[in-house]
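In: Have a look at this fold, sequence not included:
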């Protein structure tokens, strides 16, 4: 029987080691391309958490491969990092595979079906 490989991709993280500021704009790449809908969810959560009147940075742009922050200024680096990491953590949690949740508590309907089918196929084995 061939061993199944885990084909799930690691969730995107902020590649701080590649961060760069040019003309006052921060560019931070993501470590992996985000799945469809990820950037939209990031923007939605960011809008909920951002405080109006923030003077230490400007608008934040998000794509599936990078986050850009306009008009960054000295003194707000830690707060900006905290904001971006907090949103990233929540979005990655929202996009995590459902099988992790299905393993805790009651099994999912798909997992129950798989278990029934497994037992049915194992029933074909000759008695030892």
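Out: Thanks, I have the structure now. Everything numeric here is computed off the predicted structure, so don't read it as measured data. Residues are numbered from 1 along each chain as shown.

In: can you pull out the helices in this protein?
Out: Under the criterion DSSP state H, the chain carries helices at the ranges 38-49, 77-94, 99-103, 109-122.

In: between these, which one is nearest to residue 57?
Out: Among these, helix 77-94 comes nearest to residue 57, with 5.5 Å by C-beta to C-beta. (Each C-beta comes from the backbone N, C-alpha and C, glycine too.)

In: Helix 38-49 and the closest one, what's the angle between them?
Out: 130 degrees (axes from the mean of the first three to the mean of the last three C-alpha atoms, to 10 degrees).

In: Which strands or helices does helix 77-94 pack on?
Out: Helices and strands touching helix 77-94, as assessed by 3 or more C-beta pairs under 8 Å, 6 or more residues apart in numbering; DSSP states H and E, comprise helix 38-49, strand 66-69.

In: Relative to the whole chain's centre, how far out is it?
Out: In this view, helix 77-94 has its centroid 10 Å away from the chain centroid, taken as C-alpha atoms, centre = their mean, to the nearest Å.

In: same question, stretch 15-30
Out: Computed by C-alpha atoms, centre = their mean, the chain-centroid distance of stretch 15-30 equals 19 Å.

In: quick one: contacts for residue 30?
Out: Shown in contact with residue 30 (C-beta atoms under 8 Å, 6 or more residues apart in numbering): 12-15, 64-67.

In: if we go to 10 Å?
Out: Contacts for residue 30 (C-beta atoms under 10 Å, 6 or more residues apart in numbering) come out as 11-15, 18, 38-39, 62-67, 88.

In: hmm, back to that, give me whichever of the helices and strands packed on helix 77-94 is most buried.
Out: Mean neighbours per residue, mean count of other C-beta atoms under 10 Å, is largest over the helices and strands packed on helix 77-94 for strand 66-69, with a mean of 20.

In: which residues touch that strand?
Out: Outside strand 66-69, the residues that touch it by C-beta under 10 Å, 6+ apart are 12, 14-15, 18-19, 21-22, 24-30, 34, 39, 42, 46, 56-62, 76, 80, 83-84, 87-88.

In: Nothing else from me, thank you.
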